[in-house]
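Asker: Have a look at this prediction, sequence included:
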Amino acid sequence: MQNIVSTGIENALLMRALRGEEVSRPPVWMMRQAGRYLPDYMKLRAKYSFFERVETPELATEITVMPVDQVGVDAAIIFSDILVIPQALDFEVTINPGEGPRLPRTVQTEADVDNIVVSDIEDRLHYVMDALRLTRSTLPADVPLIGFAGAPWTLLCYMVEGQGSKNFAKAKAFCFTQPKAGHKLLQKITDATILYLKAQMEAGANLLQLFDSWGGLLAPNDFMEFSLPYLKQIVEALKPHPMILFAKGCSHAYPEFTASGAAAIGVDWGVRPGEARKLAGNDITLQGNFDPSRLLGPIPEIERMTREMVEGFGTQKYIANLGHGILPNVPVDHAKAFIDTIKSFG
């Protein structure tokens, strides 16, 4: 199947910023923008379970398009979840109201890893591709559609731990005490992720983001062993499609991210703009890094701090975003103030 690229996409601000071209203002979108803070999303949440929303293309499309229409972001990111990859590898995932994700079956031994079969990823996750195709046909022709996946290390954390954790100590212990099994599991997740992201591009995604939400739990040397090689494999396998690497708490790895051939680096709020640029160099686009909690403050303060952020990064080779996902209790008009302030730079 040929990759679907709508007329005008290549001239969109986001695509031009990823290529390092001159733009009139920074493009802007927000991680987790399709969801929890939007009243219309909450109405759907009251009627349908989480995975009903994810696995029903019409619902996923409606949710994906909401922030484009209601908040004015410059790009859409498909409504889905990073844990669809474990599901495709035959690991049950439950997400019940009031609690985080749970995986009843976990990986504990090398034998458990050997039993994992990577096959039929596109078929198993066809609903994501169906949602991408429907969303691409629904969005305005000049609004890019972002596909995404969780990084192998972050997915390993859930597959070993079985649920969220403050430190994912079991996952780290698994890799440190059974490194052969750890690397074997990371490679299987990587293989599945490459197949999944290639299918997303063919289905209509215009660019991709890889989320290593728990990369910062690893010491720098451990990150270089258990995360970075697999991120690099994915970036290399998806070329020439543009990839944004977001690894929370991993600014030490920015030079390696730049060298990987990624189009952009997502920056969390723990790094100053100037420091991020110094680490990453001048040849790559940066994305970030507004603290989502700051969107709970007064609108004039949001506007001031947003301007300060852009002035720190500069308007070129820069994508305005949050330093992590938007919080569910952020008022919509506060999110819109953030977006509108970025647009005022034009």
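Answerer: Structure received.
Asker: Would you list the phi and psi of Tyr158?
Answerer: phi -70, psi -40 (degrees, to the nearest 10).
Asker: so after the worst-scoring helix or strand of the chain on mean pLDDT, what's the next helix or strand?
Answerer: Here the helix or strand of the chain ranked lowest by mean pLDDT, DSSP states H and E is strand 94-95, holding a mean of 91. Beyond strand 94-95 on the C-terminal side, the first helix or strand identified by DSSP states H and E is strand 101-102.
Asker: Flag every buried residue along stretch 148-164.
Answerer: 148-163 (16 or more other CB atoms under 10 Å). Backbone N, C-alpha and C define where each C-beta goes, glycine included.
Asker: first to last residue in it, what's the distance?
Answerer: One end of stretch 148-164 to the other measures 20 Å (CA to CA, to the nearest Å).
Asker: can you give me the mean pLDDT across that stretch?
Answerer: Mean pLDDT, stretch 148-164: 97.
Asker: returning to that earlier point: what's the closest of the buried residues of stretch 148-164 to Pro298?
Answerer: Phe148 (31.7 Å; CB to CB).
Asker: Verify the stated contact: that closest one with Asp81.
Answerer: No. The criterion here is CB atoms under 8 Å, and Phe148 misses it with Asp81 at 9.6 Å.
Asker: Which neighbouring elements make contact with the least confident helix or strand of the chain?
Answerer: Judged by 3 or more CB pairs under 8 Å, 6 or more residues apart in numbering; DSSP states H and E, strand 94-95 is in contact with strand 101-102.
Asker: quick one: which two of the buried residues of stretch 148-164 are the most distant?
Answerer: Pairwise over the buried residues of stretch 148-164, using CB to CB, the maximum falls at Phe148 and Gly162, 22.8 Å.
Asker: how about the strands of the stretch 151-300 of the chain, start to end?
Answerer: Per DSSP state E, counting those that start in this stretch, the stretch 151-300 of the chain carries strands over the ranges 207-212, 243-247, 264-267, 285-290.
Asker: who does the shortest one pair up with?
Answerer: Within its sheet, and counting by DSSP bridges, strand 264-267 is paired with strand 243-247 (parallel), strand 285-290 (parallel).
Asker: same question for that strand, mean pLDDT?
Answerer: If you average the pLDDT over strand 264-267, you get 98.
Asker: what comes up buried for stretch 93-107?
Answerer: Val93, Pro101, Leu103, Thr106, Val107.
Asker: got the strands of the stretch 151-300 of the chain as TSV, with distance to Leu59 and mean neighbour count columns?
Answerer: Shown next, in TSV, are those (distance: least, CB to CB, whole Å; neighbours: other CB atoms under 10 Å):
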stretch	distance to Leu59	mean neighbour count
strand 207-212	21	24
strand 243-247	25	27
strand 264-267	27	28
strand 285-290	27	25
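Asker: Any idea which of those strands gets closest to Gly20?
Answerer: Here strand 285-290 is closest among the strands of the stretch 151-300 of the chain (CB to CB), at 6.3 Å.
Asker: How far away from the center of its chain is the closest one?
Answerer: What separates the centre of strand 285-290 from the centre of its chain is 13 Å, taken as CA atoms, centre = their mean, to the nearest Å.
Asker: Same check on stretch 161-170?
Answerer: Remark: stretch 161-170 is offset 20 Å from the chain centroid, using CA atoms, centre = their mean.
Asker: now do stretch 205-212
Answerer: Stretch 205-212 has its average C-alpha position 6 Å from the chain's average C-alpha position, going by CA atoms, centre = their mean.
Asker: Going forward, count from 671.
Answerer: In the new numbering, first residue 671, that becomes stretch 875-882.
Asker: quick one: average confidence on that stretch?
Answerer: For stretch 875-882, the mean pLDDT works out to 98.
Asker: Just the CA atoms of that stretch, as PDB, please.
Answerer: The C-alpha atoms that make up stretch 875-882 are tabulated as PDB, following Å, rounded to 0.1, in the frame of the first residue of the first chain:
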ATOM      1  CA  ALA A 875       0.400   9.000   9.400                       C
ATOM      2  CA  ASN A 876       2.600  11.800   8.200                       C
ATOM      3  CA  LEU A 877       5.200  11.500  11.000                       C
ATOM      4  CA  LEU A 878       5.800   9.400  14.000                       C
ATOM      5  CA  GLN A 879       6.700   9.900  17.700                       C
ATOM      6  CA  LEU A 880       8.400   7.300  19.900                       C
ATOM      7  CA  PHE A 881       7.600   7.700  23.600                       C
ATOM      8  CA  ASP A 882      10.200   6.500  26.100                       C
END
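Asker: Can you name the residues bridging to Leu815?
Answerer: Under the criterion used (DSSP bridges), Leu815 bridges to Ala746.
Asker: Just the pLDDT at it, thanks.
Answerer: At Leu815, pLDDT is 98.
Asker: how near is it to Ile1009?
Answerer: Distance, Leu815 to Ile1009, by CB to CB, to the nearest Å: 18 Å.
Asker: do Ile996 as well
Answerer: To Ile1009, Ile996 is 11 Å away according to CB to CB.
Asker: cool, and Leu888?
Answerer: Using CB to CB, Leu888 is found at 33 Å from Ile1009.
Asker: Which one's more surrounded, the two?
Answerer: Comparing Leu888 with Ile1009 by neighbour count (other CB atoms under 10 Å), the higher total belongs to Leu888, at 25 against 20.
Asker: which ones are touching the more buried one?
Answerer: Neighbour list for Leu888: Trp823, Lys842, Phe896, Ser897 [criterion: CB atoms under 8 Å, 6 or more residues apart in numbering].
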